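# model the following, please.
(2 chains)
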Amino acid sequence: MRYLKIENLSIKDNKTNEILLDDISIDIEENTILGVVGESGSGKSLLCKTILGLIPSNLNIEGKITLNNKDILNNSKIIKDNFCVILQEAINAFNPLYTINYQMLESIKTKQSKKEKLKICIKYLRKVGLKRCSKILKSYPHELSGGQLQRVMIAIALTQNRKIIIADEPTSSLDSINQKEIINILKNLKDKTIIIVSHDLALISHIAKDIIVLKDSKVVEKADTKTIFTNTKNEYTKFLVSTQENLSKEFMSCLK
Amino acid sequence: MLKIKNLWKKYKKEFVLKEINLNLQKNSSLALVGESGAGKTTLSRLILGIDTPTKGNINIDKNSMSVVFQDYRNSVNPLFTIIEILKEPFGLRKITFSNEKLEDLLKTFNLSKSLLDKYPHELSGGQLQRVCILRAILTKPSFLILDEAFSALDVSTKSQVVTYIKSLKKEQNLTIFLITHDLEVATSLCENIKILFKGEVVESLKTKCLGQAQNQYTKLLIDSIIPLKIKETNE
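Purely as a prediction, here's the structure:
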């Protein structure tokens, strides 16, 4: 039995009749990392939103998404209990008028005293590599750097203790030092299932066990990471890998 | 083309740039690499004369220079269509506009012709950024300044654009000054690299000698690049 299963998922815009996702089927094993790659406009983010049940009413959904054989498409309770999300632009994900402290406490829904909740917050802030946590808790979002905010967002996702993390371009607004650290944090999370979306193939090759390649709303290839990077039959995947190689080639040769 | 001598810049009480020296000769290329907060944007503002230095001076050859700014949304006039945006520098410099060249470039940059009649807000970030690069290249500059010019492009497009600019460098003897946080782009476009850290150039080296970097910060930066994991999976 598969853990998270997407079957024949299609999404159509009712107004323009445009097909936004076309017959997508994916199986995701528990506690693995799935990478979703594709160029801009290929439907990566929409796929995430669909899994999270965040689809506007003018879009028509067909197909099935199940978690442990339970349908989640129309069941927001299962989604809330099992999923958490890390977004691209950390600065827009926080309310600028409240301190980090307030926003972190707000996201812990269990019945605990405030003191216990604060302990949890600090535990996870440390886990994502932040120092001087009590100072960070007192800050407002604009007082923190992009890298710090991104870490806080991951910490919030972790405090919720959900099984599945959806990460939509979690590092694209960060510089490379922060990027690598955050990718390593995600990679070292045990007992979580992660769906990570990125256009950066190198990053995905570093972290994912399986990969799906999206192009023009369709899945053109799904395979394990090794196959995608060494033995792909698909022309488009070959093209994507070659562009990444082309970009890294010079850099690698300079290091030799 | 560009000469910076003993440049300092102070905001409030803090120096954000300290003793920057650089000399960019004709037909050479230089990348200034640094993470956020290193002072990259400040330096590009000074070079373009938007801001004045606290100390030191900058000499720049503004003839036939093109710039691609970091903020692509704000570097185009929202009331112009894309074709008007692309033609604007030609009016200013009184050079003739070539439609053929434009069509060729649109193809290389993966932009469809139908974009030309649209307005900037109708384009995605990546598309608009490519329009800005296209505008800079169309006038056949001999000196190109790129300030984080590839930030909104996905990897495959970035690779194509970089390859194209590289070919220009060879064919038209283009001088390039690149400001970026992306070491991979820097190494594939430029022969020389300067590493900027907290307002200071901590290391200058030839791109080919990147592996022999001495500075701790440079090493950290090199180490943070995640390479494509093909080798390891082969084993």
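# A:N101 sits in which helix or strand?
Per DSSP states H and E, A:N101 falls inside helix A:100-107.
# elements contacting that helix?
Judged by 3 or more CB pairs under 8 Å, 6 or more residues apart in numbering or on different chains; DSSP states H and E, helix A:100-107 is in contact with helix A:114-127, helix A:133-138, helix A:146-159. Heads up, the C-betas are built off the backbone N, CA and C, glycines and all.
# buried deepest among those, which one?
Among the helices and strands packed on helix A:100-107, helix A:146-159 has the highest mean neighbour count (mean count of other CB atoms under 10 Å in any protein chain shown), at a mean of 24.
# could you give the separation of that helix from the chain centroid?
For helix A:146-159, the distance from its own C-alpha centre to the chain's C-alpha centre is 13 Å (CA atoms, centre = their mean, to the nearest Å).
# quick check, it touching chain B?
Yes. For helix A:146-159, a contact with chain B is found by CB under 8 Å from any CB of the partner chain, at A:G146, A:G147.
# closest one to A:I196 among the helices and strands packed on helix A:100-107?
Comparing the helices and strands packed on helix A:100-107 by their distance to A:I196 (CB to CB), the top pick is helix A:146-159, with 11.9 Å.
# by contact count, what packs against the closest one?
So helix A:146-159, by 3+ CB pairs under 8 Å, 6+ apart, packs with strand A:83-86, helix A:90-93, helix A:100-107, helix A:114-127, helix A:176-187.
# mean pLDDT lowest where, among those?
Lowest mean pLDDT within those: helix A:90-93, at a mean of 82.
# what helices or strands is that one leaning on?
So helix A:90-93, by 3+ CB pairs under 8 Å, 6+ apart, packs with helix A:146-159.
# before we move on, back to that, save the helices and strands packed on helix A:146-159 as a markdown table, and put in distance to B:F177 too.
A markdown table is the format used below for these (distance: least, CB to CB, whole Å):
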| stretch | distance to B:F177 |
| --- | --- |
| strand A:83-86 | 36 |
| helix A:90-93 | 29 |
| helix A:100-107 | 39 |
| helix A:114-127 | 40 |
| helix A:176-187 | 21 |
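# pull the distance from the lowest-mean-pLDDT helix or strand in chain A to the chain's centre.
Ranked by mean pLDDT, DSSP states H and E, the weakest helix or strand in chain A is helix A:90-93, scoring a mean of 82. Centre-to-centre, helix A:90-93 and its host chain are 15 Å apart (CA atoms, centre = their mean).
# so who does the residue in the stretch 51-200 of chain A that chain B sits nearest to touch?
Proximity of the stretch 51-200 of chain A to chain B (CB to the nearest CB) peaks at A:H199, 3.8 Å away. If a contact means CB atoms under 8 Å, 6 or more residues apart in numbering or on different chains, then A:H199 has A:V37, A:G38, A:E39, A:S40, A:K44, A:E169, A:S172, B:D154, B:V155, B:S156 as its contacts.
# from the residues you listed, which single one is nearest B:K208?
Nearest member of the contacts of A:H199 to B:K208, counting by CB to CB, is B:V155, at 23.6 Å.
# could you dump whichever helix in chain A runs longest to PDB, C-alpha only?
What stands out as the longest helix in chain A, according to DSSP state H, is helix A:235-255. In PDB, the C-alpha atoms belonging to helix A:235-255 read as follows (Å, rounded to 0.1, in the frame of the first residue of the first chain):
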ATOM      1  CA  GLU A 235      14.600  14.100 -24.300                       C
ATOM      2  CA  TYR A 236      13.300  16.900 -22.100                       C
ATOM      3  CA  THR A 237      15.000  15.500 -18.900                       C
ATOM      4  CA  LYS A 238      18.200  15.100 -20.900                       C
ATOM      5  CA  PHE A 239      17.900  18.800 -22.000                       C
ATOM      6  CA  LEU A 240      17.300  20.000 -18.400                       C
ATOM      7  CA  VAL A 241      20.300  17.900 -17.100                       C
ATOM      8  CA  SER A 242      22.500  19.200 -19.800                       C
ATOM      9  CA  THR A 243      21.700  22.800 -19.100                       C
ATOM     10  CA  GLN A 244      22.600  22.300 -15.500                       C
ATOM     11  CA  GLU A 245      25.800  20.500 -16.400                       C
ATOM     12  CA  ASN A 246      26.700  23.300 -18.800                       C
ATOM     13  CA  LEU A 247      26.300  25.800 -16.000                       C
ATOM     14  CA  SER A 248      28.300  23.800 -13.500                       C
ATOM     15  CA  LYS A 249      31.000  22.600 -15.900                       C
ATOM     16  CA  GLU A 250      33.100  25.700 -15.800                       C
ATOM     17  CA  PHE A 251      32.900  25.900 -12.000                       C
ATOM     18  CA  MET A 252      33.900  22.300 -11.500                       C
ATOM     19  CA  SER A 253      36.800  22.600 -13.900                       C
ATOM     20  CA  CYS A 254      38.100  25.700 -12.100                       C
ATOM     21  CA  LEU A 255      38.300  23.800  -8.900                       C
END
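# where does pLDDT dip in chain B?
Within chain B, the stretches with pLDDT under 70 are B:229-235.
# nearest residue to the middle of it?
Nearest to the geometric centre of chain B sits B:L146, at 1.7 Å (CA atoms, centre = their mean).
# doesn't that residue fall inside a strand?
Yes. Judged by DSSP: H, G, I helix; E, B strand; the rest coil, B:L146 forms part of a strand.
# just to check, it is in contact with B:I179?
Yes. Using CB atoms under 8 Å, B:L146 makes contact with B:I179 at a distance of 6.9 Å.
# now do the same end-to-end measure for stretch A:65-73.
6 Å (CA to CA, to the nearest Å).
# and that stretch, what's buried?
For stretch A:65-73, the neighbour count (16 or more other CB atoms under 10 Å in any protein chain shown) marks A:I65, A:T66, A:L67, A:I72, A:L73 as buried.
# same question for stretch B:109-123.
Under 16+ other CB under 10 Å, the buried positions of stretch B:109-123 are B:F109, B:L111, B:L115, B:L116, B:P120, B:L123.
# give me phi/psi at the nearest residue to B:L111 once chain neighbours are set aside?
In this structure, B:L111 finds its nearest non-sequential neighbour in B:R130, 5.9 Å apart by CB to CB, 6 or more residues apart in numbering or on different chains. The phi/psi pair for B:R130 (degrees, to the nearest 10) reads phi -70, psi -40.
# any residue of stretch A:118-135 up close to chain B?
No. Using CB under 8 Å from any CB, stretch A:118-135 never reaches chain B; the gap is at least 13.7 Å.
# what does that stretch contact?
Against stretch A:118-135 from outside (CB under 8 Å, 6+ apart): A:101, A:104-105, A:108, A:112, A:136-137, A:148, A:151-152, A:154-156, A:158-159, A:181-182, A:185.
# one more time with 10 Å
By CB atoms under 10 Å, 6 or more residues apart in numbering or on different chains, the surrounding residues in contact with stretch A:118-135 are A:100-101, A:104-105, A:107-108, A:110, A:112-113, A:136-137, A:139, A:143-144, A:147-148, A:150-161, A:178, A:181-182, A:184-186, A:188-189.
# that stretch spans what distance, first to last residue?
13 Å.
# how far off centre is the helix holding A:N101?
21 Å.
# bridging residues for B:L30?
Beta-bridge partners for B:L30, by DSSP bridges, are B:F177, B:N192.
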